[in-house]
Structures are given as C-alpha cells and as structure tokens.
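Enquirer: How does the following fold in three dimensions:
(chains A, B, C and D)
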There are 4 protein chains.
Amino acid sequence: MSEYKKIKNEKINIDAQGKTIEVGREKLMIAGPCAIESYDQLLATAKFVKSVGANILRGGAYKPRTHPNSFQGLGNEGLEILKAVKKEVGMPVITEILDVRDLKDVYDIADIIQIGSRNMQNFSLLSEVGKQDKPVLLKRGLASTINEWIGAAEYIMDESNEKVIMCERGIRTYNDYTRNTLDLAAVPIIHKETGLPVIVDPSHSTGIRYLIEPMSKAALACGADGLMIEVHPNPDMALSDGEQSLNFEEYSKLMKSIKF
Amino acid sequence: MSEYKKIKNEKINIDAQGKTIEVGREKLMIAGPCAIESYDQLLATAKFVKSVGANILRGGAYKPRTHPNSFQGLGNEGLEILKAVKKEVGMPVITEILDVRDLKDVYDIADIIQIGSRNMQNFSLLSEVGKQDKPVLLKRGLASTINEWIGAAEYIMDESNEKVIMCERGIRTYNDYTRNTLDLAAVPIIHKETGLPVIVDPSHSTGIRYLIEPMSKAALACGADGLMIEVHPNPDMALSDGEQSLNFEEYSKLMKSIKF
Amino acid sequence: MSEYKKIKNEKINIDAQGKTIEVGREKLMIAGPCAIESYDQLLATAKFVKSVGANILRGGAYKPRTHPNSFQGLGNEGLEILKAVKKEVGMPVITEILDVRDLKDVYDIADIIQIGSRNMQNFSLLSEVGKQDKPVLLKRGLASTINEWIGAAEYIMDESNEKVIMCERGIRTYNDYTRNTLDLAAVPIIHKETGLPVIVDPSHSTGIRYLIEPMSKAALACGADGLMIEVHPNPDMALSDGEQSLNFEEYSKLMKSIKF
Amino acid sequence: MSEYKKIKNEKINIDAQGKTIEVGREKLMIAGPCAIESYDQLLATAKFVKSVGANILRGGAYKPRTHPNSFQGLGNEGLEILKAVKKEVGMPVITEILDVRDLKDVYDIADIIQIGSRNMQNFSLLSEVGKQDKPVLLKRGLASTINEWIGAAEYIMDESNEKVIMCERGIRTYNDYTRNTLDLAAVPIIHKETGLPVIVDPSHSTGIRYLIEPMSKAALACGADGLMIEVHPNPDMALSDGEQSLNFEEYSKLMKSIKF
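Expert: Predicted structure coming up:
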C-alpha cells in the first residue's frame, strides 16, 4: 500500500488580496454556487460567504452535465462574471476546466484550477494543468480507487506542478439514501500516502442539506484541510444542484457551528 | 425517505456495577478482543481498557467466519470466560449471538446482545431478541441500505423491545484500500429517521490500524453515541482480525486523543 | 483463486413422480410464484408451468421481507398448500427455509430446500441443512463475493450433505436500472472452482419482465444448469414481486424461445 | 426509464476492403492487441485473427494508464503501424482517441473511433467526434449508470453523428474475483432504450482468460451485435493486459466454439 512516492509538496500559497493563504496551515473554506448564473447572483453570494468566513469563492462557468440538453453553464460569459466579482469582492476564486483549449482563459482568472470528477482520468487535461503554475484542485473520480486518484495526481506532478490539492467528494456505491457515499477515510489515507492536502465536499457527497453540517464537522475532525460547500441565494431556483445547496442563513449557521 | 415511524425509544440504561450508563447521554466506549481466546487474554484486556476509560467490554464467543475450517470461537467456554471476567473486573459486557437456540445462555451473561452484520436480516433471530428485555446492538449488514437496516430494527421493536442501538461498521464497496467503506453519514441519518442511538466501529470498517484514530474522531464529531474498538494484548498473535486490532499502548493513545 | 477443494459432488437426483431428474444432465426449470397465496393460485400455476416444460415447482411459505409489516407468507398453511398441489400435479417442489426450527416441516414436503440470499451466511441454518439429505439450493448473498458464497457451501458440505446447487440471483451494485446486477461470470467460475451445479434466477436479478428472456438465454449459453423463474397467474395482483413475475402467456413464450 | 428519445440510427456501414459490414446485420468481431507494440506484432496478429473470422482489427496507439510511468502506447508511431498493417492485411481498424487534438490523425486511419471508459464523460471529446462522420465506439464508463452512458451517446448524436456503437465492458463492483462485473443486461436495455447497436468486451470485463469463451457465448445469446477481444501473439510478454489476452490458438478455439 506504500507504493507511492511520498511527495512532500512545496508550500501551496494562495494570494488573497494582499495576504496569503498557506494551504495546510489555514483551512480552505471554499463556498459559492454550483454554477455562475448571473453577476448579481455571484456577487451577492461572494459578499455573503466572505462576511461569514469563507476565504475562497467557487463558481462554475463550464458545467459537465449528464445530458446535452441540461444547462451547461454560461461558458466564457461566466468567466467574465467571475473575474468582475473577484475584483469587486477581493476573494481568490476557483473554477473548473473541462477542455484543454480553455486553459488560457481559465488560467487568467482562477487562483485554483479545478479538475472535476468526470475528468479525473482525462490524462491530456491533467498533463496540461501540470505544465502551468496555479494550484490544481483534483476531485476524486465518481468511483475511483485511492490508487487511481493518486495516479491522476502523479500525472499533474510529473510535469512541473506539485501544487495539487485533493478533494474527496463521495464515491458511487449501492447506497441509495445519499447521492454518493462520503469516504472520509480517504483524508488520512491521502495524507499518509502522498503528503498532499485534502479537502472535503460535503455538498456533492451527500446531496442532502441536513447532512452538510455533521459531515463538515466529521471531515475537519479527521484532518481535512478545508471544505468546499455549495451556497446559493435561493437554492430552490438554482439551475443545478439546488437540493444540496445551502442558503445564506444555513451557511452562516454552519460556519458558526464548526471550528477551523 | 421519511417513511419510518419516528421511534423515540425508551431510555436505554446499562447497569455498570452500581452506576448506570444512560445511552445517548454518556458515550458507549466499547473495547475488547474480536474473539475470546482465553481467560488471561480477556482479563488483561478488560482491566486495561477499563483503566483508560472504556465502559463496556466486548468479546466474541461465537464467531461467524467465511469458511468452516476457520477458528469459530470458544462457544460456551467463551461465555463462561466472559462471565468470570465480567465479575472480576466489574464491567458490563456485550457479545454476539448467532443462533436462536443460544439465546438463553447469552441472555444470562450479556448486558448488550449483539446481532452481527451477517445476521442483520436473520428475521427469526431479530424477533427472538425482540422478545427479551436486554439492549440489542444491531450492526449494519455488509451491504445494507439505510432502509433495510431500519427495517431490521423494526423487526426487533415490533416485538416488545425498543432498546435498539445501531452500529455503523462500514459497507461493501469497490474501494479496495480499506476493508470496508465507513459510511459516517449513516450516523445523522439514523438519528433523524429513527431517533435511535448509533455507535461506530472504526476497526471493522477500515481494517487498518492507523485509520482508527482519525475515524474515531470523525465519528464523534458527527454525533456518534459511542465507539466499538478491537483491542488485543498482542494483535499479531490474534486468532482473528489481528491486523485491525489495537494493542494496549495504541488504545491508550487513542483514548487520550479523543474527547467524549 | 483456486484455494477451494474441488468438490466433485455426488450425483444430485431429484425424484419427479417416478422418473428422476439428474442435475447437471437435465436442466432444472424451476417456476412458480414468489409467495404461495392460495391453493387455487398455486394449483393453476403448477399445472400451467408443467404443461409448458417446467420440471420443478417453486413457492414460498415463509417470505423474508425488509419490513415486518409486509406480507410474510402463509407460513405453515402455505406448506400445506404446497403439499397438496405437489400431490395433485405430480411435480417436485422447492421452498425456502428461514428458521432452523422449521426444518422438520420443510423437510417433509420439499424436494429441494432453499436457502435465501439474506441467510447465505446464517451458519447455524447452513449446518442444519447440511445434516439432512435433501438437495439444498444456496442462493448467493445480496452482495457476496465468490469466496463467501463457496464458504457458505462448505458449511453445508462439511456436515454430511454434498448435494448443493448454487443459484446466482444478481448482486448489489450502484447500477439503478435493474434491481440487481446479474453476474453471469459466476456460472463458469463456480463450475471451475467447485464442480457444483449452478442455476440462474433472472427474475430477482433484473426485476424487470422484458429482461427475463434475454438473460435466460445468456445464462444457458454460458453453462447454467437451470433457471428459476417467477410465474404468477396475475402478476399485477401478486402480494410480492409482481413487477418481475411473468404471466402464463409470457412464460409459455419464454419456454418456447429457449433451448434446454 | 423510457425518458430517452428512441434513436433509430441510420445504418452503420463499415467499409471492409470492397465489401461492406452492416452493423446490426453482421456481427462485429473485433480482435487484436490491447496496445500496438511493433509492426511485426500487429501484422502477425491481424493476419491470424482475420484468418479465423475476425472482421475488424483493434490496436491502441494511445493507452490511458493509471500511473504516468506505465507504458503509454507508441503514439503517432503506433498510428503509422496501424495504417501500414491495415493496408497490408486489408481489414478495417478501430483505435482509441484520448485527446481532441489528435482527432485529425486518428480520423485519417480509423474506420471506427473508440472512446474509452475513462473518457466516457469527456464531453469536449464526445462533441468533437460527433462533428465528424466515422462510426464511434462508446465504451461504458468504469462505473456508469445506463442513464449516464446514454447521455454520453446523446452528446455525440446531438452533433451530426448518429453512428454510435455502444460497448459494454464490465462495471466496477465490490466483486473481487473478476476485474470488473460484466453487466450483460445492458445489451437488451440499450437496444430497447435507444435502438443503438451494442457489442461486448469479455476481455476487460472479466480480466481472466478462461471466462472469455463462456461470456462471449452469453453475450451473443442475449443479442450483442459483436465482440471485442484482446489477442496477442505472446500474452505473457504483452506490455499491457497480458493476463486477459488470448493467444492465437485460444482465439481460434473461441471462434470455432461460438456461432455468429
């Protein structure tokens, strides 16, 4: 089980308007909507989550969806909104990349580049983000083993970029109560096997609002380096993942209930 | 998903040598060997785990094993050892029942009767333990849904016994790093859907020693009512489950590191 | 993977009203309702399935159900109906046992004793059916590995009964289109590893009527020693498993379409 | 479950040296090595598989591997070899594409373009192969639902290309005997839900040589439109997937044992 090179990665520092977030020392509290829907939606969310302690803004411009006729994100318009809100609110931002041909556009705006679960073994994409110098958030694949997930991180690190942050987001099992099964043991496992930081996404992993607070607490208790949480001004109107998004009041309550 | 009767069970009190453990208010810290191997082994373990804070002693007399030629436990001799050690050390004990015909013998000794994962849907056995008055620890089946697990608890409670304690012990998934995948979301789910207490078994769920401490912390952080941990004087010599058992020093370190 | 004793079991002969079915040479075509609901229901079904080629009648008297308030079968009354229909129609019968205490009653009537998926690791029950001389149909557990399934067969054979017939009935996976995932590779695997006969249950494994015919053909093509199929005079009115039961016309069509 | 547009795709014709293979009427018997290793290896394999009835040659130039230090295929050199062998032997060929930037090169050589399991939800790649006119073989993802797999096909067909051939290659389950669990029910399901042709890969799905023949028979019995089988002149020396590849004699025996 210890077949992996222990990679004691270089420090991952994220520039947050003058001050610096050092991953591993300070928790990454990532929050924001699943998809960027409008300037107003993103701005309101950013201001709120920052006010209650979030230190990174999330928002998807390109959304991978099961069927082609579902909402696919605002694309480049979404990136423009993200750029404007980032400047307005002064928060570092994370956004997902789906296509190697979008890398330049995403690089210009993102402080952390996200590789989503469906692309965890898109090795061309992994190599390309490995050739640039921004930190990469590597979500675990829908049904990936630990070995495959670390292998994917190695594709990035084998280029010149060791700034990989792993993200446990639940795995696919027979269990039908939750959307996925959150595999929290992955947190200490990744720490031990690779030395890389690991954050947890309690929103996608459970898909159920009332589980986000207890799973956030559990994630931090076993050593997670941060949390990634979906927040939307009006979850019932969200164009994607509404049922697992917190509204502002719920997110505020969560942030008060956890220690980080 | 809220198809279940909310069962606000009567208080579960466990008699611990004069004082009383009220499940839900005080954490159940269950510890001991997977299988009872000898009087000396169990006595030493019991004294030690009690000295560092465990409040219930576990030990299996009947062991369900995949193949018939594996060690099957000491049977009635094991129960006699458990009885003697219980008296000597003054700890309440939990032990597993496999066969309805053993109920009387187990009842005489056990303070909590355990139904193991393989028997979670042995409905005859569930009904029989439902007809007596000792608390029942109901381990989740190897690959049980939440619905099936609650259904099994209903078989016990539909008789006259509402003193059911649920135990999350990991579920079977494709994930091959750990023995099972610990599904901690089950803790808040069972609380919400049934009102029953839930404890967590980090030993069977992970099968790996170094994961027991972080998973114990995570379990308590999301509201678990206790922990069930395998402790053996000499794990390398254990007749079953050695690779996931803690030795005395490791258990002592664990108990110091968690708050309960 | 070849850690198992190759058990070349004694011939399994089933007495079918004077003539003998030799398992392995002649296919076991088991058909009948999930649960025995009435004499008329079972009699009509038995006559029909026999007329189109079935050679064993199935019918459950004790039904293991997820929740205690679901229909649990007619119990002893069901066994009496099975006995009467067996005599009337002249077909050997198979029925499931759930509780060691029912063994004598089931033994008196059944030509094959069925152990269901939920009891595959009820080792007390396995040992008891191992001590008698009727053939035992051992269904694979809901999420059992090949190793566990063979281990369960060993519990029976380690007593004096080597007449074990294995039954693949689908395993639990993340796949949500079918009720279970039919693992047909288990057929050649069990043949190779143990020498035991293996039949396939396309009804429980898929849970969908239109899949029963193609899966029956696939099962026979890879060497299955028979099929176990749910047939009901009026599936829409069935007290259990209606959605996966064939009506008479569908079963007749199936039997014409397969070669066995 | 019938939420999908029934897509009665245009006929898929594959040009095979003058004559035409009409998918659906004639079985696709695809064979060849996992990875193209040399001109001699591919040429010998192509000649042999053609001589015993294969009608399409497979061979990977770009190989997606879990770790970056594993053999990644010969890349463009592999494509050149494939082109030469195709011409020499006169067989249509299929090869996998991993990166949108390779599409032109692959298009020039391949008669069928393969999308592998890891890229089943690489939506950029799906859209690009949807914009060209060669048939696309879409392998099911490692742990994809039927819904997700059909969704992926829709991404291709929503562009201008309806020539999609689905390939069941086993899914990820807890089952540890085989490499994956072959889900043959997917064959009639895809036929019913979409009208698309479906072939089966018994090599990747089982990962074990002795299972390839029975699973091939089962696949054809339930309606598969073809088989995709790994053949290597010397499986023990193969640079990838040797343990599941057939040698020439084994493949010859297989082709004689199945009817297609």
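
Enquirer: looking at it, residue A:134 is touching residue A:111, isn't it?
Expert: Yes - look at residue A:134 against residue A:111 with Cβ atoms under 8 Å: they come within range, at 6.9 Å. Bear in mind the C-beta positions are built from the backbone N, C-alpha and C, glycine included.

Enquirer: From residue A:146, how far off is the most centrally placed residue in chain A?
Expert: By Cα atoms, centre = their mean, chain A has its centre lying nearest to residue A:228, at 5.3 Å. According to Cβ to Cβ, to the nearest Å, residue A:228 stands 19 Å off from residue A:146.

Enquirer: Tell me if stretch A:204-220 is near chain B.
Expert: Yes - for stretch A:204-220 and chain B, the contact criterion (Cβ under 8 Å from any Cβ of the partner chain) is met by A:205, A:206, A:210, A:211, A:214, A:215, A:217, A:218, A:219, A:220.

Enquirer: starting at the chain centroid, how far to that stretch?
Expert: Distance of stretch A:204-220 from its chain centroid, counting by Cα atoms, centre = their mean, to the nearest Å, is 14 Å.

Enquirer: Could you tell me the end-to-end distance of it?
Expert: Taking Cα to Cα, to the nearest Å, stretch A:204-220 runs 17 Å from one end to the other.

Enquirer: The stretch 51-200 of chain A against chain D: which residues are in contact?
Expert: Checking the stretch 51-200 of chain A against chain D by Cβ under 8 Å from any Cβ, the hits are A:64-69, A:98-101, A:118-119, A:121-124, A:141-143, A:147-148, A:151, A:154-155, A:158, A:172.

Enquirer: Pull out the buried residues from these.
Expert: A:64-66, A:68, A:98-100, A:118-119, A:121-124, A:141-143, A:147-148, A:151, A:154-155, A:172 (16 or more other Cβ atoms under 10 Å in any protein chain shown).

Enquirer: Can you tell me which of those residues end up in helices?
Expert: With DSSP state H as the criterion, helices contain A:123, A:124, A:147, A:148, A:151, A:154, A:155 from among those.

Enquirer: Check these one by one and keep those near chain C.
Expert: Contacts with chain C within these, counted by Cβ under 8 Å from any Cβ: none were found.

Enquirer: can you put these in a markdown table and add pLDDT and distance to residue B:86?
Expert: A markdown table is the format used below for these (pLDDT from 0 to 100; distance: Cβ to Cβ, whole Å):
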| residue | pLDDT | distance to residue B:86 |
| --- | --- | --- |
| A:123 | 96 | 58 |
| A:124 | 95 | 63 |
| A:147 | 97 | 44 |
| A:148 | 97 | 47 |
| A:151 | 97 | 50 |
| A:154 | 96 | 52 |
| A:155 | 96 | 56 |
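
Enquirer: mind putting those residues in JSON lines, distance to residue A:60 included?
Expert: Output for those, formatted as JSON lines (distance: Cβ to Cβ, whole Å):
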{"residue": "A:123", "distance to residue A:60": "22"}
{"residue": "A:124", "distance to residue A:60": "21"}
{"residue": "A:147", "distance to residue A:60": "28"}
{"residue": "A:148", "distance to residue A:60": "24"}
{"residue": "A:151", "distance to residue A:60": "25"}
{"residue": "A:154", "distance to residue A:60": "26"}
{"residue": "A:155", "distance to residue A:60": "22"}
